[in-house]
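Peer 1: for reference, the sequence and a predicted model appear below.
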Amino acid sequence: MTPLEIFAILLAAGLAIALWFSTRQRNLDASRHQLEMANAAFALEEQSKLAVKERKRLLNALTDAFLLIDETGQIIFANKAANRLFHSRSLINRSLREAFTDPRLAQAMTEGLLASKPIRTRITLPQQASPLGDDERRGMNSWLVDVAILPGDEGAAPKTRAIIRDITAEQQTDQIRKDFVANASHELRTPMAIIHGYLENLLEDDMLEDTEMSRRFLAIMRKHSERITRIIEDMLVISRLESGEESSLNIEPFKLQDCLNDILERLESLIHSQKASVELKLSDEKVQIHGDRFYWTQALFNLIENALKQNSRPGLKIEIGCLVKDDELQVWVSDDGIGIPSAALPHVFRRFYRVDKQHSQNEIKGTGLGLSIVKRAIEAHQGRIVASSTPGSETKFLMTVPLAGPKPDSVELDSQIPLFKE
Ligand code: ADP
């Protein structure tokens, strides 16, 4: 072999080796690149799975019902609150009409789907028991339906989200407040008008000369001004109890017997003049209430005074008792007077409610706020009150409260109730 041939062979071998190395390197780079791509795709997928999971977790944590609806009107996502609201009926892949058996709700949602702008509407349905357990408005449920289109990602069809909020409690509180203002204005206006009338008589009809008549008029005016003061005082107590000041109740242990002695002392002359008798039936004289003595005194005073006010016939028997039952304390006030007709019984705790509405202004015995104060005061102590009455035999107000007093951290109850029965 000539040196030239040897050189040519070596060169060819060198080139072949260089080519093999470069191809191998390229292959290695390509597979590394592929691996990196696969890793990145996996990480991305994991990330988006986590994001979906996180989104679901957040939506499930909402107390409002949340639905996601696709462009064909089918539900594609429902959070936990929505499932609770629909009593765990299956919602996914159902149309709105199928899901909402009540056409008014379905219609509100469909309008939202068709409209290009967000829709917020309030709907009141007379279907379910009130979550407040308020007998007055039982059966009315109010919902705030909020529907908006969500723009679709990268050319995907837009979806619609719907939020359904139970606003029954807010609506009722609002209505109760309106009623309260209307009733309070009416109750205050009446004695004010009477005072005004007598003042006109005295001043414009020149009656001041007649001292006897003037005195009589002034006495009537004083009675009505006292009534105005009482209504205002009662309204202030209710407003304090309702302003969320329950937490600032002055809770301390006190003897029920001591509290009753104070009240009976204040009512002594009335008890005496009506020849009424009061019997104390305390399971233990030392029994203690863990509560706010001011509100307990007010509540028991109102109940005992009511018994006396409503029964002016002599010889009324009033019984005040208490009993410890498990971890609860029961306290009651009963009388054997005229009682409360069964039709009126569910309403007696309402503000300004009076059984006998036919009386004249001179005969009005109370403000009509007494029992609502009692109820609010007992509820502020995490207790409850029940009224029962067999006219002429026994009218009883039974209060039950936790023996150890109200718990500082009351547990929030889930107010969501199913929208539809199965
Ligand atoms: P008022 O200030 O008019 O007494 P309440 O809220 O205390 O208002 O009571 C509401 C109504 O319930 C009273 O007007 C009365 O008709 C009735 N009532 C309350 N307690 C008794 C009772 N012990 N016996 C008969 N009726 C009662």
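Peer 2: Structure received.
Peer 1: hey, let's count contacts and neighbours off CA atoms from now on
Peer 2: Noted.
Peer 1: after the helix or strand encompassing Glu46 comes which helix or strand?
Peer 2: Under the criterion of DSSP states H and E, Glu46 resides in helix 3-61. Per DSSP H and E, helix 3-61 leads on to strand 65-69 as the next helix or strand towards the C-terminus.
Peer 1: so which elements touch that next one?
Peer 2: Judged by 3 or more C-alpha pairs under 8 Å, 6 or more residues apart in numbering; DSSP states H and E, strand 65-69 is in contact with strand 75-78, helix 80-85, strand 159-166.
Peer 1: could you identify the helix or strand that succeeds the last one?
Peer 2: Read that as strand 159-166. Immediately after strand 159-166, counting by DSSP H and E, sits helix 168-204.
Peer 1: worst-scoring helix or strand of the protein, pLDDT-wise?
Peer 2: helix 103-114 (a mean of 75; mean pLDDT, DSSP states H and E).
Peer 1: ok and that one relative to strand 65-69, angle-wise?
Peer 2: Put simply, helix 103-114 runs at 50 degrees to strand 65-69, going by axes from the mean of the first three to the mean of the last three C-alpha atoms, to 10 degrees.
Peer 1: now helix 103-114, how far from the chain's geometric center?
Peer 2: Helix 103-114 sits 27 Å away from the centroid of its parent chain (C-alpha atoms, centre = their mean, to the nearest Å).
Peer 1: got the angle for that helix vs strand 159-166?
Peer 2: With the same axes, to 10 degrees as the basis, helix 103-114 and strand 159-166 are set at 150 degrees to each other.
Peer 1: quick one: residues in contact with helix 103-114.
Peer 2: 73, 96-97, 100, 118-119, 121, 123, 145, 147-149, 160, 162 (C-alpha atoms under 8 Å, 6 or more residues apart in numbering).
Peer 1: what's the answer for stretch 160-180, then?
Peer 2: 64-71, 109, 113, 130-132, 137, 140-150, 351, 416.
Peer 1: mean confidence for it?
Peer 2: What stretch 160-180 shows for mean pLDDT is 85.
Peer 1: tell me how many other residues crowd the nearest residue in space to Asp64 that is not next to it in sequence.
Peer 2: Leaving aside its chain neighbours, Asp64 sits nearest to Arg165 (5.1 Å; criterion: C-alpha to C-alpha, 6 or more residues apart in numbering). Applying other C-alpha atoms under 10 Å, we find 20 other residues in the vicinity of Arg165.
Peer 1: so what's Arg165 bridging to?
Peer 2: Beta-bridge pairing of Arg165 under DSSP bridges involves Leu144.
Peer 1: distance of it from Pro126?
Peer 2: To Pro126, Arg165 is 16 Å away according to C-alpha to C-alpha, to the nearest Å.
Peer 1: just Asp206 next, same as before
Peer 2: From Asp206 over to Pro126 (counting by C-alpha to C-alpha), the distance is 59 Å.
Peer 1: just the CA trace of the helix or strand hosting Val401, in PDB.
Peer 2: Element membership of Val401 [criterion: DSSP H and E] is strand 394-402. C-alpha atoms of strand 394-402 as PDB (Å, rounded to 0.1, in the frame of the first residue of the first chain):
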ATOM      1  CA  GLU A 394    -103.400  27.600  83.500                       C
ATOM      2  CA  THR A 395    -101.400  30.000  81.300                       C
ATOM      3  CA  LYS A 396     -97.800  29.100  81.400                       C
ATOM      4  CA  PHE A 397     -94.600  30.700  80.100                       C
ATOM      5  CA  LEU A 398     -91.800  28.100  80.300                       C
ATOM      6  CA  MET A 399     -88.200  29.200  79.700                       C
ATOM      7  CA  THR A 400     -85.300  26.700  79.200                       C
ATOM      8  CA  VAL A 401     -81.700  27.900  79.300                       C
ATOM      9  CA  PRO A 402     -78.300  26.200  79.600                       C
END
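Peer 1: contacts for it next, please.
Peer 2: With C-alpha under 8 Å, 6+ apart as the criterion, strand 394-402 contacts 303, 327-337, 339-340, 378, 381-389.
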